[in-house]
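Chemist: Let's see this in three dimensions:
(one chain, ligands or ions: 2)
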Amino acid sequence: MKEQLRAIRGMNDILPTTSHRWQALEATVAKVLAAYGYSQIRLPIVEQTAVFERSIGDTTDIVQKEMYTFADRNGDHLTLRPEGTAGCVRAVLEHGLLNVQPQLRLWYIGPMFRHERPQKGRYRQFHQIGVETYGMQGPDIDAELLLLTARLWQALGLSGLRLELNTLGLAHEREQYRAALTAYFESHRDALDEDSLLRLARNPLRILDSKNPAMQAIVANAPRLTEFLEEESRTHFATVCATLDAAGIAYVVNPLLVRGLDYYSRTVFEWITTELGAQGTVCAGGRYDALVELMGGKPTPAIGFAMGLERLLELLAAQTGSETNPEADYCVVGAGEAESQAALLLAETLRDAYPESRVTCICGGGSMKSQMKRADRTGAQIALILGSEELASDTITLKPLRGQGEQQRVARAALLATLSTAPVN
Ligand code: ATP
Ligand code: MG
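Modeler: Ligands and ions are numbered 1, 2, ... in the order given. Below you'll find the predicted structure:
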């Protein structure tokens with residue numbers, strides 16, 4: 001026997017038993033996004049490596065150790081996208097979308113790739129739905145994104161998510177803060193772990209993000225960015241918070257929330273659950289006013305977020321259960337050559353009459369007994385049976401497969417009338 005080939009570690013198959021849950025999640029999110037006037041953009045999965053190096057920033061975990069980068073047959077440096085924002089900005093600029101419409105509301109969906117250690121809630125291929133907006137200074141659009149996410153959780157039936165919010169100020173404000181932070185951590189060098197020492201050299205703000213409990217005390221006493229914010233940045237943040245207050249959306253201001261990417265400015269946020277263990281952030285985003293210019297465009301304010309679909313599905317299963325999805329509502333059975341042909345045509349008639357229903361035929365032959373077994377496995381409510389007797393008398397036997405109800409034989413002409421008294425679906 002040949003050796004069984006396997007999927008790559010951390011890259012999951014989504015099996016037919018769960019794909020309906022993905023479809024339902026995607027449909028709900030798409031509906032909410034449409035309700036806010038967002039349009040979908042579909043982007044390539046592979047980009048030139050420079051698209052990510054330039055945007056995400058080379059001091060980040062993603063660029064330093066997580067990207068799937070390779071040379072293709074021409075020797076071009078390509079990368080499987082680790083996130084969606086960089087490619088979205090690239091596409092917006094390449095097609096001059098902002099020249100046509102200076103304010104854009106976009107969303108995307110698809111797989112992302114990061115070479116991380118696979119564990120629950122953390123995979124090497126995972127899926128995001130992301131939202132990006134361009135050309136709006138805020139703070140109104142910042143608040144709109146938060147209202148939108150809150151509505152999403154409601155539409156999905158999720159509860160208990162905590163919104164954490166922070167402001168990172170503008171680059172020049174952060175520069176001053178960075179100097180103060182560097183001085184502070186330099187004076188506590190001895191207490192820093194290896195990771196924090198590296199961050200101190202490259203990007204001291206990211207020490208605030210340290211997951212090491214031993215760092216907590218030093219981090220807690222570090223200077224705060226808010227002390228370095230000018231009036232405009234303060235007002236911006238206060239207005240976002242005031243809108244959330246007015247809308248009745250609870251949040252926590254977390255001054256340690258700095259986010260992993262370099263390109264953020266001002267508002268950043270995460271939606272976090274305590275129900276998924278260590279990988280509790282289901283949605284994260286923020287403002288990135290400098291990125292469009294960095295990627296070669298005119299200075300353009302921007303803000304967006306991305307949510308991890310695996311984590312959202314995990315949370316949905318925990319909170320709302322994971323129901324199975326029958327493959328059919330009606331199952332048509334016809335054992336025998338003439339019967340199976342009649343069954344195919346009867347199924348077509350049902351699909352004409354009930355376009356919203358799922359109708360399946362037992363194909364591939366076999367005895368009536370084995371076909372009935374297979375019919376039951378489809379999860380259908382009703383089997384429509386065409387045996388030789390039915391064929392000869394132009395009738396159909398209706399057999400309820402679930403719940404109560406008697407088997408009955410009906411004239412073909414009366415079929416739809418009979419079914420419509422007990423519609424399925
Ligand atoms: P984390 O701190 O968990 O590594 P991140 O800051 O790297 O997250 P983002 O780049 O902000 O994550 O991506 C947005 C969302 O995508 C995350 O909040 C999470 O829900 C999801 N996500 C990120 N990386 C992974 C992964 N490797 N596997 C599954 N989901 C992920
Ligand atoms: Mg990460």
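
Chemist: CA only for contacts and neighbour counts going forward, please
Modeler: Fine.

Chemist: Poorly predicted segments of the stretch 151-300 of the chain, please.
Modeler: Scanning the stretch 151-300 of the chain with the threshold set as pLDDT under 70 gives 260-262.

Chemist: let's see 80
Modeler: 259-263 (pLDDT under 80).

Chemist: For it, which segments are assigned as helices?
Modeler: Counting by DSSP state H, counting those that start in this stretch, the stretch 151-300 of the chain has helices at residues 171-186, 194-202, 216-220, 231-247, 291-294.

Chemist: Format those helices as JSON lines; extra columns: mean neighbour count and distance to Ile129.
Modeler: As requested, those are exported to JSON lines (neighbours: other CA atoms under 10 Å; distance: least, CA to CA, whole Å):
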{"stretch": "helix 171-186", "mean neighbour count": "17", "distance to Ile129": "28"}
{"stretch": "helix 194-202", "mean neighbour count": "16", "distance to Ile129": "29"}
{"stretch": "helix 216-220", "mean neighbour count": "14", "distance to Ile129": "32"}
{"stretch": "helix 231-247", "mean neighbour count": "15", "distance to Ile129": "23"}
{"stretch": "helix 291-294", "mean neighbour count": "19", "distance to Ile129": "20"}
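
Chemist: okay, those helices in CSV with distance to Glu270 next?
Modeler: Shown next, in CSV, are the helices of the stretch 151-300 of the chain (distance: least, CA to CA, whole Å):
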stretch, distance to Glu270
helix 171-186, 20
helix 194-202, 22
helix 216-220, 19
helix 231-247, 14
helix 291-294, 20
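
Chemist: how about these, which one is nearest Lys399?
Modeler: helix 231-247 (52.5 Å; CA to CA).

Chemist: Quick check: residues of this protein near ligand 1?
Modeler: Neighbours of ligand 1 within the chain, by CA under 6 Å from any ligand atom: 114, 121-124, 126, 128, 259-260, 279, 281-284, 306-308, 311.

Chemist: one step back: identify whichever of the helices of the stretch 151-300 of the chain lies nearest to Leu97.
Modeler: Leu97 lies closest, by CA to CA, to one member of the helices of the stretch 151-300 of the chain: helix 291-294, at 12.2 Å.

Chemist: How far does that closest one sit from its chain's centre?
Modeler: A distance of 25 Å separates the centroid of the chain from that of helix 291-294, by CA atoms, centre = their mean, to the nearest Å.

Chemist: Show me what that helix is in contact with.
Modeler: 54-55, 89, 263, 298-302 (CA atoms under 8 Å, 6 or more residues apart in numbering).

Chemist: Just the buried ones from those residues, in PyMOL syntax?
Modeler: One line in PyMOL is enough to select the buried ones among the contacts of helix 291-294; burial here means 16 or more other CA atoms under 10 Å:
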select buried, resi 55+89+263+300+301+302
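
Chemist: Of all the helices of the stretch 151-300 of the chain, which one is nearest Trp153?
Modeler: Between Trp153 and the helices of the stretch 151-300 of the chain, the shortest separation by CA to CA is 15.1 Å, and it involves helix 231-247.

Chemist: mind checking how far the closest one is from the chain centre?
Modeler: Relative to its chain's centre, helix 231-247 lies at 27 Å (CA atoms, centre = their mean).

Chemist: Domain boundaries for the protein, per the record?
Modeler: Per automatic domain parsing, the domain ranges recorded for the chain read 16-170+230-320, 330-420.
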